[in-house]
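A.B. asks: coordinates only, no sequence provided:
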């Protein structure tokens, strides 16, 4: 497998975490978002919206391109079910997907680089914008997980929800978001960081990270 990704992209980080958790080998192909490579025709042929990550698979003799981080995570879960990142029962799986989408749909798009660049372009403060929506989403995640969390956001084993939490907490710190009163998220984030192999997915150790 080859992963077209940007070291600082939270969506790319999610896929790296899923691959690391399942112990799956892959090669990274950097796409420099800061240089605009995602807008070039070569990358748009992989993903017309010009985003990362894109996972290149081999099915038979044919390369297959799969975009969007949660769709990639679902594919990896279905094709490599152990160690599981989704629980067994339909309602529990739905709860994990709910927590996942709270980050994936409710927070991440509002802090996306393209969105923040547009906020700046129309004369607003993109940093204030990002802090507002990230903080609001994390407060909701802390509250929503009150009845689901154990050692992790759902129960006592990592799930998709934790894979989305870790990059989001990193972004929150980078944006200067107040993490006051988010004790459960802070504890779970720290516990995730200590999981075997998860450190290999961190942005700071990616081949395109600044030295």
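C.D. replies: That came through fine. The structure displayed is predicted, hence computed values, not measured ones.
A.B. asks: ok, and what's touching stretch 191-203?
C.D. replies: Contacts to stretch 191-203, defined as C-beta atoms under 8 Å, 6 or more residues apart in numbering, come from residues 7-8, 13, 16-17, 19-21, 23, 151-152, 158, 162, 165-166, 170, 205, 209. All C-beta spots, glycine's among them, are computed from the backbone N, C-alpha and C.
A.B. asks: list the buried residues for it?
C.D. replies: Neighbour counts over stretch 191-203 (16 or more other C-beta atoms under 10 Å) mark 192, 198, 201, 202, 203 as buried.
A.B. asks: also stretch 20-40?
C.D. replies: 20, 21, 22, 26, 28, 29, 30, 31, 33, 37, 38.
A.B. asks: can you check stretch 128-141 too?
C.D. replies: Buried residues in stretch 128-141 (16+ other C-beta under 10 Å): 129, 130, 131, 133, 134, 135, 137, 138, 141.
A.B. asks: avg pLDDT for that stretch?
C.D. replies: For stretch 128-141, mean pLDDT rounds to 97.
A.B. asks: pull the distance from it to the chain's centre.
C.D. replies: Chain-centre distance of stretch 128-141: 16 Å, with C-alpha atoms, centre = their mean, to the nearest Å.
A.B. asks: also stretch 9-23?
C.D. replies: 7 Å.
A.B. asks: what comes up buried for that stretch?
C.D. replies: Those would be 9-22, for stretch 9-23 by 16+ other C-beta under 10 Å.
A.B. asks: residue 149 and residue 187 touch, don't they?
C.D. replies: No. Look at residue 149 against residue 187 with C-beta atoms under 8 Å: they stay out of range, at 9.4 Å.
A.B. asks: quick one: which of those two has more around it?
C.D. replies: Neighbours were counted for residue 149 and for residue 187 using other C-beta atoms under 10 Å; residue 149 has more, 20 against 13.
A.B. asks: distance of that one relative to residue 141?
C.D. replies: 10 Å (C-beta to C-beta, to the nearest Å).
A.B. asks: residue 200 too?
C.D. replies: In terms of C-beta to C-beta, residue 200 sits 25 Å off from residue 141.
A.B. asks: just residue 126 next, same as before
C.D. replies: 22 Å.
A.B. asks: do residue 164 as well
C.D. replies: 9 Å.
A.B. asks: overlap in contacts, the two.
C.D. replies: With C-beta under 8 Å, 6+ apart as the test, residue 164 and residue 141 both reach 99, 103.
A.B. asks: re earlier: cross the buried residues of stretch 20-40 against helices and list the overlap.
C.D. replies: Within those, residues falling in helices by DSSP state H are 20, 21.
A.B. asks: care to break the chain down by domain?
C.D. replies: 2-82, 90-193 (automatic domain parsing).
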